[in-house]
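Student: predicted model and sequence below, questions to follow.
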Amino acid sequence: MEDQIAKVIAEKAGIDPVAAQKAAAAVIGFIKENPDKITALLGGPKAGIVSRLFGK
């Protein structure tokens, strides 16, 4: 999953793959540590899916 996110970041932001990989790791780390914030941001059924994906 991290590789897929990094690929999208690299393509959309126009940055090199190494920087995109670091950004993806940071995003995933944030989601894991703050599932409540993600739930509030997404709302609805999507929020529950994200929480389950990251074990919270």
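Tutor: Sure, I can see it. Remember, predicted model here, so these are calculated numbers, not experimental data. Numbers count the residues shown, from 1 in each chain.

Student: how about the helices in this protein?
Tutor: Applying DSSP state H to the chain gives helices spanning 2-13, 17-33, 35-42, 44-53.

Student: save those as TSV, and put in mean neighbour count and mean pLDDT too.
Tutor: Where C-beta positions appear, they are placed from N, C-alpha and C, glycine not excepted. TSV is the format used below for these (neighbours: other C-beta atoms under 10 Å; pLDDT from 0 to 100):
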stretch	mean neighbour count	mean pLDDT
helix 2-13	14	95
helix 17-33	14	94
helix 35-42	14	78
helix 44-53	12	66
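
Student: how about residue 5: what's its closest non-neighbour residue?
Tutor: Nearest residue to residue 5, sequence neighbours excluded (C-beta to C-beta, 6 or more residues apart in numbering): residue 24, at 4.1 Å.

Student: wait, the one you found sits on residue 12?
Tutor: No: the pair residue 24 / residue 12 is not scored as a contact, 11.8 Å apart, by C-beta atoms under 8 Å.

Student: about what we covered before: distance-wise, check the residue nearest to residue 5 relative to residue 18.
Tutor: The spacing between residue 24 and residue 18, counted by C-beta to C-beta, to the nearest Å, is 11 Å.

Student: what sits in contact with each of the two?
Tutor: The overlap between the contact sets of residue 24 and residue 18 (C-beta atoms under 8 Å, 6 or more residues apart in numbering) is empty.

Student: residue 38 touches residue 32, doesn't it?
Tutor: No: the pair residue 38 and residue 32 fails to qualify as a contact (C-beta under 8 Å) at a distance of 9.6 Å.

Student: contacting residues for the residue nearest to residue 5?
Tutor: Going by C-beta under 8 Å, 6+ apart, residue 24 touches 2, 3, 5, 6, 9.

Student: switch the cut-off to 6 Å
Tutor: Listed by C-beta atoms under 6 Å, 6 or more residues apart in numbering, the contact set of residue 24 reads 2, 5, 6, 9.

Student: so which of the residues you listed comes closest to residue 49?
Tutor: residue 5 (15.4 Å; C-beta to C-beta).

Student: follow-up on the earlier one: distance check, the residue nearest to residue 5 against residue 31.
Tutor: Look at residue 24 and residue 31: by C-beta to C-beta, they are 11 Å apart.
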